[in-house]
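Colleague: Show me how the following folds:
(chains A and B)
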Amino acid sequence: MNLNAIYALLLREAKIFFREKERIISILISPLLFLFVMGRGMGSGTSPVEGYTYQQFIFPGILAMVILFTSITYGLYIIWDKRLDFLKEVLAAPISRTTLFIGKSLGGMLGAIIETLILLIIGAFFILPLMSAGQVALCLAVSFPVSYMITNIGLTIGARMKSMEGFGLVMSFLTWPLFFFSGALFDLATAAPYIKIISLFDPVTYAVDIMRVIMLGRGAFTVWADLAAIAAFCLATTILGVTSFGKLQQEK
Amino acid sequence: MSAIKTDNLVKRYSEVTAVDGVSLEIPEGEVFGLLGPNGAGKTTLISMLATLVKPTSGTALVAGFDINKESLKVRHNIGIVFQEPSVDDLLTARENLYLHSMLYGMPRREINPKIDAMLALVKLGDRADSYVKTFSGGMRRRLEIARGLIHAPRILFLDEPTLGLDPASRKAVWAHIRELKEAHKTTIILTTHYMEEADSLADRIGIIHHGRIIELDTPEALKKKVGQDLVFLTGKIDEKAISALPFVGSVELESSRYKISITDPARNLQALLNAAGRIEEVEVRRVTLDDVFLKFAGQQISEDSGNSGIFERIATVKSTRK
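Modeller: Now for the predicted structure:
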């Protein structure tokens, strides 16, 4: 592992992230629609958690959604790097593929964490005004491993995909299902059995759940179960990602 | 020690054999030109030497390190300038060089002075802090060369370094390459399909065709192998008189003009013209690397395509005379 190189890779991602301000805003659009249109629109009904509105109930889920969308999109972005040949420069550099992978992962985390922070601030004012600074800090802390594992998934797919045309497919067949099965919008405890079973294999489930425990004090699993699942997904996706980066070759 | 030594390198993709058993030795400090048409295997060969593509079989020592086993050590000792620009559009010229220097593990405090020196070398000093997306093709290429050099590699790979450049930028790049060779004794491996480029820069040229090195020599020796220079004469020509001249090889009537092969036309042309009689038109055609290329690679191409241009006919004349 080469710390200088990781710093260099992260620096590049940070510069590019802050230079593409439209991306920072545009990635927040759909979560905000869910939160303020669907959350409010359906909010007149009942909330699965007593004492909280439906909008408040889905807020942890929407936080997870922001991390999911930012991280997957970022990971798939390396297809552009491949196309634009920037990746060649890094692939030719004297750094191991593991270093490259970690640098890229950290870059993705950076973006996701900044987006999470923006949404947390919005939430602290408009949705859960009683949320304490400690809760905000805990949510932010959780967003580190969560964005790491999801960035890894995005990078793994991005490293294996050849063209940007697959982007829409990944969004339809992976990102949206990961979001819907995670229980972001409903209570898993009372959901249909097939949803419950599928949700167990969805890493986002545990992200939503742990955020919900932190903010609302109630989730489908215990904090320790959530953390264990997230840790397992972090490990598994690291192995997957490092393996697929190892296979990356310059394309003819 | 040789800078590069390859041993029967092979790269096979599912259907094509891009590089088919290349064994080469390139001494330190040499400028080696790899000349071949598109698809001949130049880029694949370079990519293997730069450890970007794994060989199907065979191996190579680059700067003394095995490309299969010690790829990171190989990478530390080489610089590479890609065929397609790979500088980062969203960063400035300085940032591109800075990131590169960090990736290559240069000491922090050396980086900035080195960047200024490199940018000055490629005449981009005044654009150091502009975004690369505002650069022209020639400027990107120059930045890319600066990047390939900044970590002072012992061996530099240049994959079509002047592709798509205007003549002025091309000359500037050539000047840089000569300077590198002279001042820094950098070994340079250059791929090109511009004959002029190979001729003016390379100490030795390897002609690569269908993944094989089919000919390897100095530019002068290669030209000599192809044959003599030609003079075409039209008019009332005294064929016997010119055939008798010692420096004339063959004389042939080709449509309405005589094709005369001749050694050293610079010196002997006057004598030829004096002997020839009444001349209406004179054309001198010196052997160029184009002819070399067509002789060694083009004959095979013409087997497929069946067309034969003037240069191929020259080559044919030469080979039938053997």
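Colleague: And the average pLDDT for the helix or strand hosting residue B:240 is what?
Modeller: Counting by DSSP states H and E, the element that carries residue B:240 is helix B:239-243. For helix B:239-243, the mean per-residue pLDDT is 84.
Colleague: Report the distance from it to the chain centre.
Modeller: 39 Å (Cα atoms, centre = their mean, to the nearest Å).
Colleague: Check which helices and strands that helix is in contact with.
Modeller: strand B:248-254, strand B:257-262, helix B:265-276 (3 or more Cβ pairs under 8 Å, 6 or more residues apart in numbering or on different chains; DSSP states H and E). Just so you know, the C-beta spots here come from the backbone N, C-alpha and C atoms, and that holds for glycine as well.
Colleague: List the buried residues of that helix.
Modeller: Residues of helix B:239-243 classed as buried: residue B:242 (neighbour count, 16 or more other Cβ atoms under 10 Å in any protein chain shown).
Colleague: Verify the stated contact: residue B:235 with residue B:279.
Modeller: Yes: under the criterion of Cβ atoms under 8 Å, residue B:235 makes contact with residue B:279 at 4.4 Å.
Colleague: and chain A, which residues reach chain B?
Modeller: By Cβ under 8 Å from any Cβ of the partner chain, the residues of chain A that approach chain B are A:2, A:4-5, A:7-9, A:11-12, A:15-16, A:19-20, A:84-96, A:249-250, A:252.
Colleague: Quick check on these: which are buried?
Modeller: Burial of those was assessed by neighbour count (16+ other Cβ under 10 Å); the buried members are A:2, A:4-5, A:8-9, A:11-12, A:15-16, A:84-96, A:250.
Colleague: Name the residues linked to residue B:216 by a beta bridge.
Modeller: residue B:206 (DSSP bridges).
Colleague: what sits against it?
Modeller: If you count contacts by Cβ atoms under 8 Å, 6 or more residues apart in numbering or on different chains, residue B:216 has them with B:24, B:204, B:205, B:206, B:207.
Colleague: how near is it to residue B:26?
Modeller: As for residue B:216, its distance to residue B:26 is 10 Å (criterion: Cβ to Cβ, to the nearest Å).
Colleague: ok, which stretches of the stretch 51-200 of chain B are helices?
Modeller: For the stretch 51-200 of chain B, the helices defined by DSSP state H, counting those that start in this stretch cover B:71-76, B:93-103, B:108-121, B:137-149, B:167-179, B:195-201.
Colleague: Which secondary structure elements does the second one sit against?
Modeller: Helices and strands touching helix B:93-103, by 3+ Cβ pairs under 8 Å, 6+ apart, are helix A:3-19, helix B:108-121, helix B:137-149.
Colleague: So which of the ones you listed is the most surrounded?
Modeller: Highest mean neighbour count among those (mean count of other Cβ atoms under 10 Å in any protein chain shown): helix B:137-149, with a mean of 22.
Colleague: quick one: low-confidence ranges for the stretch 51-200 of chain A?
Modeller: For the stretch 51-200 of chain A, the stretches with pLDDT under 70 are A:84-85, A:130.
Colleague: I'd say residue B:212 and residue B:23 touch.
Modeller: No: counting by Cβ under 8 Å, residue B:212 stays clear of residue B:23, with 10.2 Å between them.
Colleague: and these two? which has more neighbours close in?
Modeller: In this view residue B:212 and residue B:23 are compared by other Cβ atoms under 10 Å in any protein chain shown, and residue B:212 has more residues nearby, 17 against 12.
Colleague: and that one, what are its phi and psi?
Modeller: Here is the backbone geometry of residue B:212 (degrees, to the nearest 10): phi -120, psi 150.
Colleague: Quick check, pLDDT for it.
Modeller: Note on residue B:212: pLDDT of 90.
Colleague: do the same with residue B:305
Modeller: The model reports residue B:305 with a pLDDT of 36.
Colleague: how many neighbours does residue 181 have?
Modeller: As the question left the chain open, I've gone with chain A. Neighbours of residue A:181 using other Cβ under 10 Å come to 21.
Colleague: let's do chain B instead
Modeller: Neighbours of residue B:181 using other Cβ under 10 Å come to 18.
Colleague: mind listing what it touches?
Modeller: Residue B:181 is in contact with B:29, B:31, B:188, counting by Cβ under 8 Å, 6+ apart.
Colleague: Beta-bridge partners for the last one, please?
Modeller: It refers to residue B:188. Here residue B:188 sits in beta bridges with residue B:31, residue B:156, going by DSSP bridges.
Colleague: So it sits against residue B:179, correct?
Modeller: No: assessed by Cβ under 8 Å, residue B:188 is found out of contact with residue B:179, at 11.1 Å.
Colleague: Who has more neighbours out of these two?
Modeller: Neighbour count, other Cβ under 10 Å: between residue B:188 and residue B:179, residue B:188 has more, with 26 against 12.
Colleague: Around chain A, which positions in chain B sit nearby?
Modeller: Listed as neighbours of chain A in chain B under the rule Cβ under 8 Å from any Cβ: B:13, B:18, B:43-44, B:47, B:50-54, B:72-73, B:75-76, B:80, B:82, B:84-91, B:95, B:99-100, B:102-105, B:147.
Colleague: now do 6 Å
Modeller: Residues of chain B lying near chain A by Cβ under 6 Å from any Cβ of the partner chain: B:47, B:50, B:52-53, B:72, B:75-76, B:80, B:82, B:84, B:86, B:88, B:90, B:99, B:102-103.
Colleague: So for the residues you listed, which is the shakiest by pLDDT?
Modeller: Ranking the residues of chain B next to chain A by pLDDT puts residue B:84 at the bottom, with 79.
Colleague: could you dump the helices and strands packed on helix B:93-103 to CSV with mean pLDDT and distance to residue A:101?
Modeller: Formatted as CSV, the helices and strands packed on helix B:93-103 follow (pLDDT from 0 to 100; distance: least, Cβ to Cβ, whole Å):
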stretch, mean pLDDT, distance to residue A:101
helix A:3-19, 91, 10
helix B:108-121, 92, 24
helix B:137-149, 88, 23
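Colleague: looking at the ones you listed, which is closest to residue B:4?
Modeller: Residue B:4 sits nearest to helix B:137-149 of all those, at 16.3 Å, using Cβ to Cβ.
Colleague: and the closest one, C-alpha only, in CSV?
Modeller: The C-alpha trace of helix B:137-149 is given here as CSV (Å, rounded to 0.1, in the frame of the first residue of the first chain):
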residue,chain,number,x,y,z
GLY,B,137,-4.0,18.7,-29.6
GLY,B,138,-0.3,19.8,-29.9
MET,B,139,-0.3,21.3,-26.4
ARG,B,140,-1.8,18.1,-24.9
ARG,B,141,0.8,16.0,-26.6
ARG,B,142,3.6,18.2,-25.3
LEU,B,143,2.1,18.1,-21.8
GLU,B,144,1.9,14.4,-22.1
ILE,B,145,5.6,14.2,-23.1
ALA,B,146,6.5,16.4,-20.1
ARG,B,147,4.6,14.0,-17.9
GLY,B,148,6.3,11.0,-19.4
LEU,B,149,9.7,12.6,-18.6
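Colleague: which other helices and strands contact that helix?
Modeller: Packing partners of helix B:137-149 (3 or more Cβ pairs under 6 Å, 6 or more residues apart in numbering or on different chains; DSSP states H and E): strand B:78-81, helix B:93-103.
Colleague: Can you add distance to residue B:288 and mean neighbour count and give those back as a markdown table?
Modeller: Below are the helices and strands packed on helix B:137-149 laid out as a markdown table (distance: least, Cβ to Cβ, whole Å; neighbours: other Cβ atoms under 10 Å in any protein chain shown):
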| stretch | distance to residue B:288 | mean neighbour count |
| --- | --- | --- |
| strand B:78-81 | 26 | 24 |
| helix B:93-103 | 37 | 24 |
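Colleague: Out of these, the one nearest residue A:158 is which?
Modeller: For residue A:158, the closest of those is helix B:93-103, at 20.1 Å, according to Cβ to Cβ.
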